[in-house]
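Asker: all I have is the shape, not the residue letters:
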């Protein structure tokens, strides 16, 4: 007997491959699982959380279960989650199913991240964000049924075509601005806005995802900042590095980085490793390509301000209206963006070479590998010399003023892990190392 296969014919999902990075707080407890912390028992339907009254005579809708779906290809994997394409057998509707392992959540003490993301996703009702339709669980896993953005990550298109022309850059920047305006009005900071977390729907409109590190500010207080160290190195704001706190304006900094990347094909702050990227950020050390669109350049400069109170779009600068009135958006009709037909993606600058491909890892992953690691302000004011990376202590402690260094009180094994991370796990560093070696060989030959 022959067997037919489809994108939904996949091996059963093993607990070892399901890790979680989600977070949401609309986790309403309607049942208690003895093997799970109480806060992880939840049920959400139709994108909103609801509690069924104990005395209600209305029969609640039947809870979904894993057997109601066929699971297909993996759409993405985060540090704590796996997202899989799923089709509901009864309706044929497709979802991006985010699957979280309960044991891992409990072991890593990540319940608050799960609750936070679920809360935030359940509270959002805007077309430029992924939608949480419902959740369910079994004895081992949590399942979040999210809207399926069929065209994947924005980053994939940047890498594929190199960079966007001015029309495309303007349109997608405008959609991100609308999304941030809505999010900030809800008192929410995303804190990890980047092209990987901006998905594209079947109609090629944006759908922002990944609220695992987002922060819901208290609406009944004067809270304007969040004080946890999260984000991705190339898009992290300087105030997070210098003050270890993020605010709504931190998302505007990330917006400036994304606009730059849409035009140039790469983020503005790039270096051989995360720590050197941090240096460039806090010194505002970046350059524009020669053919960068002038109006887009002006907008990026107004967003990449070291002072978060001076970024266009922040409350101190008049909010989002001055941002939307910037000359770069002069042809944008803001009222009906979600129903407009997106422009065809057209390249502008050449696609980046393979050796120049940026390292998009999360710096928190690297920092977490060293238990005694601390990011502290450096008191040194020397310029970083080009040196052998085997002398790791001298290399790190030579970082110049206002940069971030490692407090190197860890074992030789941990030092070796850092070296391997820099030399083999980072395309930027590998490219720099090859060029440096070639220069040294040439110099030796001439001598």
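Answerer: Ah, there it is. Everything numeric here is computed off the predicted structure, so don't read it as measured data.
Asker: list the buried residues of stretch 340-350.
Answerer: Applying a neighbour-count criterion of 16 or more other C-beta atoms under 10 Å, the buried positions in stretch 340-350 are 342, 343, 345, 347, 348, 349. C-betas here are computed from N, CA, C, even on glycine.
Asker: among these, which are in helices?
Answerer: Of the positions in those, not one sits in helices, assigned by DSSP state H.
Asker: from those residues, which has minimum pLDDT?
Answerer: For these, the weakest pLDDT value sits at residue 349, with 65.
Asker: surely residue 241 touches residue 280?
Answerer: No - Residue 241 is not in contact with residue 280 according to C-beta atoms under 8 Å; the separation is 10.8 Å.
Asker: who has more neighbours out of the two?
Answerer: residue 241 (21 against 16; other C-beta atoms under 10 Å).
Asker: what's the pLDDT at the more buried one?
Answerer: According to the prediction, residue 241 has pLDDT 93.
Asker: same question for the one 5 residues further on.
Answerer: Turning to residue 246, the model gives it a pLDDT of 88.
Asker: partners of it in the sheet?
Answerer: As for beta bridges, residue 246 partners with residue 226 under DSSP bridges.
Asker: ranges for the helices of the stretch 51-200 of the chain?
Answerer: Along the stretch 51-200 of the chain, the stretches classed as helices by DSSP state H, counting those that start in this stretch are 102-107, 111-123, 154-161, 166-185.
Asker: flag every buried residue along the third one.
Answerer: Read it as helix 154-161. The neighbour-count criterion (16+ other C-beta under 10 Å) identifies 154, 155, 157, 158, 159, 161 as the buried residues of helix 154-161.
Asker: from residue 208, how far out is the last one?
Answerer: Pointing back at residue 161 there. Using C-beta to C-beta, to the nearest Å, one gets 21 Å for the distance from residue 161 to residue 208.
Asker: before we move on, back to that, a markdown table please, covering the buried residues of helix 154-161 and showing distance to residue 267.
Answerer: Written out in a markdown table, the entries for the buried residues of helix 154-161 read as follows (distance: C-beta to C-beta, whole Å):
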| residue | distance to residue 267 |
| --- | --- |
| 154 | 13 |
| 155 | 10 |
| 157 | 15 |
| 158 | 10 |
| 159 | 12 |
| 161 | 17 |
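Asker: tell me the one of those nearest residue 135?
Answerer: Minimum distance to residue 135 across the buried residues of helix 154-161 is 26.1 Å, recorded for residue 154 (C-beta to C-beta).
Asker: tell me the pLDDT at that closest one?
Answerer: Note for residue 154: predicted pLDDT of 98.
Asker: residue 267 now?
Answerer: For residue 267, the pLDDT comes out at 97.
Asker: can you report phi and psi for it?
Answerer: Main-chain dihedrals, residue 267, degrees, to the nearest 10: phi -70, psi 160.
Asker: ok, it - contacts?
Answerer: Remark: with contacts taken as C-beta atoms under 8 Å, 6 or more residues apart in numbering, residue 267 is in contact with 234, 235, 257, 260, 261, 358.
Asker: roughly how far does residue 320 sit from residue 79?
Answerer: Taking C-beta to C-beta as the measure, residue 320 falls 31 Å from residue 79.
Asker: quick one, which of these two is more surrounded?
Answerer: Per other C-beta under 10 Å, whichever of residue 320 and residue 79 has more neighbours is residue 320, with 21 against 15.
Asker: contacting residues for the more buried one?
Answerer: For residue 320, the contacting residues are 177, 180, 181, 184, 313, by C-beta under 8 Å, 6+ apart.
Asker: now do the helices for the stretch 251-400 of the chain: every range, in order, please.
Answerer: Assigned by DSSP H, counting those that start in this stretch, the helices in the stretch 251-400 of the chain fall at 274-282, 294-303, 320-324, 363-367, 392-397.
Asker: what's the pLDDT at residue 194?
Answerer: 97.
Asker: identify the residues contacting the closest residue to it other than its chain neighbours.
Answerer: Computed as C-beta to C-beta, 6 or more residues apart in numbering, the closest residue to residue 194 that is not its neighbour in sequence is residue 235, at 4.8 Å. Counting by C-beta under 8 Å, 6+ apart, residue 235 makes contact with 192, 193, 194, 253, 254, 257, 258, 267.
Asker: appreciated, that's everything.
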